[in-house]
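Colleague: build me a model:
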Amino acid sequence: MPFPWPALVSFLGIAYFLAWSLSFYPQILLNYRRKRTDGFSADFAYLNPLGFLALSLWNGGMLFSPLARRQYAARHEGHEPQVAGADLAFSAHALAISVIMFAQVFWYRRRTVEWLAAQAEDKSSGAGRVGDETEPLLSGETSGSGSGEKREKAQDPVVPSIPGQFALGGIILLSAASIGLLWAHKIEWLDWLYLISAIKLFISSVKWIPQIMLNWRLRRVEGMAIHGITMDLAGSVFSFAQLVISSIFVAHDPSGILANPAKLGLAGLAAFFDAILLAQKYVFFRTERTSLLGEL
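Modeller: Sure, this is the predicted structure:
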């Protein structure tokens, strides 16, 4: 009896969809419980919705566009693209949830700014507690004490960093340029979808860097839901396994692995950055708090 590869592909699709989809909720719950977003990168909040919008366009185009599917088949010896319904369901859900997460940064802005200002005041007067969860995200360092002491200023939680602003600007310009090329018939519809998938890969390759740098500067991992990172890593493994099995054992087209750069790259980049964030939490900046509510 042959091994039921299609059934395994379906199972892995459900598994990665659940793992990746559920990975968003711990951060939303943590923000809601704390009623503030200090320690959570504003750059990530801005970039994430754009990335999942790009991924949704890629998945939707490859699933439902007859023109894109014909162009793909012409370039890959008649094979169909290795994009599943679970891919589109995940990207659409992730887009909606990442927009909610983005909105939380603005919704809790006033509470976050007040909290950071109060903690900066405490620290400047010597009342701050080093390593405590409430230690603020600061935009400056104390330069001295006494009358010449520089007052630390809390960073506005809704303003992306300068590198983040350049990244956002570049993404907008690249997107506009790609639409112009498509409108001028300089590229095919499939090429435009590949450009959109490349934008998603770019965002995935940079969106976690500000969070990693923020954790390193604070010397702790607070304001970021670590259980969401764990589920994200599990989803990466399931997604990669589904792509490989579907391409090799179902479609008998190993080239389908590389022909789906959005899914392949997303799984690899997510796993790479998840491993770094987990190492920051449990190795470099390990704390004694291990309860679920404490680490959401």
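
Colleague: can you show me the helices along the stretch 51-200 of the chain?
Modeller: Applying DSSP state H, counting those that start in this stretch to the stretch 51-200 of the chain gives helices spanning 66-75, 85-107, 109-124, 162-183, 189-206.

Colleague: taking helix 189-206 as reference, get the angle to the longest one.
Modeller: The one in question is helix 85-107. In terms of direction (axes from the mean of the first three to the mean of the last three C-alpha atoms, to 10 degrees), helix 85-107 departs from helix 189-206 by 50 degrees.

Colleague: in space, what's closest to Q211 - neighbours in sequence excluded?
Modeller: Using C-beta to C-beta, 6 or more residues apart in numbering and skipping the chain neighbours, the partner closest in space to Q211 is S41 (4.1 Å). C-beta coordinates here come from the backbone N, C-alpha and C atoms, glycine included.

Colleague: can you get me a residue count around that neighbour?
Modeller: 27 (other C-beta atoms under 10 Å).

Colleague: ok, now G78?
Modeller: 9.

Colleague: and for W183?
Modeller: W183, neighbours per other C-beta under 10 Å, totals 10.

Colleague: which residues touch it?
Modeller: When the contact criterion is C-beta atoms under 8 Å, 6 or more residues apart in numbering, W183 has no partners at all.

Colleague: use 37 as the first number from now on
Modeller: Sure, I'll start numbering at 37, so the last one becomes W219.

Colleague: what's the pLDDT at it?
Modeller: Per-residue pLDDT puts W219 at 90.

Colleague: what do you get for E324?
Modeller: At E324, pLDDT is 48.

Colleague: same check on G162?
Modeller: pLDDT, G162: 60.

Colleague: repeat that for P38.
Modeller: At P38, pLDDT is 65.

Colleague: same check on the one 10 residues further on?
Modeller: Reading off the confidence values, L48 has pLDDT 88.

Colleague: secondary structure class for it?
Modeller: helix (DSSP: H, G, I helix; E, B strand; the rest coil).

Colleague: let me know which of the helices of the stretch 87-236 of the chain is tucked in deepest.
Modeller: helix 225-242 (a mean of 20; mean count of other C-beta atoms under 10 Å).

Colleague: just the CA trace of it, in CSV.
Modeller: Output in CSV follows, covering the C-alpha atoms of helix 225-242 (Å, rounded to 0.1, in the frame of the first residue of the first chain):
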residue,chain,number,x,y,z
TRP,A,225,1.8,39.1,-14.4
LEU,A,226,3.8,36.1,-13.0
ASP,A,227,6.9,38.3,-12.8
TRP,A,228,4.9,40.9,-10.8
LEU,A,229,3.8,38.2,-8.4
TYR,A,230,7.4,37.1,-8.0
LEU,A,231,8.4,40.7,-7.2
ILE,A,232,5.7,40.9,-4.6
SER,A,233,6.9,37.7,-3.0
ALA,A,234,10.4,39.2,-3.0
ILE,A,235,9.1,42.2,-1.1
LYS,A,236,7.6,39.8,1.5
LEU,A,237,11.0,38.0,1.8
PHE,A,238,12.8,41.3,2.3
ILE,A,239,10.3,42.3,5.0
SER,A,240,10.8,38.9,6.7
SER,A,241,14.5,39.3,6.6
VAL,A,242,14.5,42.7,8.3
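
Colleague: give me the neighbour count for K71.
Modeller: 12.

Colleague: wait, it touches R145, no?
Modeller: No - K71 is beyond contact range of R145, at 11.1 Å (criterion: C-beta atoms under 8 Å).

Colleague: flag whichever of the helices of the stretch 87-236 of the chain has the least confidence on average.
Modeller: helix 145-160 has the lowest average pLDDT among those, namely a mean of 80.

Colleague: and that helix, how far out from the chain's middle?
Modeller: 27 Å (C-alpha atoms, centre = their mean, to the nearest Å).

Colleague: quick check: closest non-adjacent residue to L131.
Modeller: F88 (4.0 Å).

Colleague: contact partners for the residue nearest to Q247?
Modeller: Per C-beta under 8 Å, 6+ apart, neighbours of S77: 246-247, 250.

Colleague: can you rerun that using 10 Å?
Modeller: With contact taken as C-beta atoms under 10 Å, 6 or more residues apart in numbering, S77 is in contact with 83-84, 141, 173, 193, 196-197, 200, 243-251, 259-260.

Colleague: among those residues, which are in strands?
Modeller: Among the contacts of S77, DSSP state E puts none in strands.

Colleague: just the buried residues out of those, in PyMOL syntax.
Modeller: To isolate the buried members of those in PyMOL, using 16 or more other C-beta atoms under 10 Å:
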select buried, resi 83+84+141+173+193+196+197+200+243+244+245+246+247+248+250+251+259+260
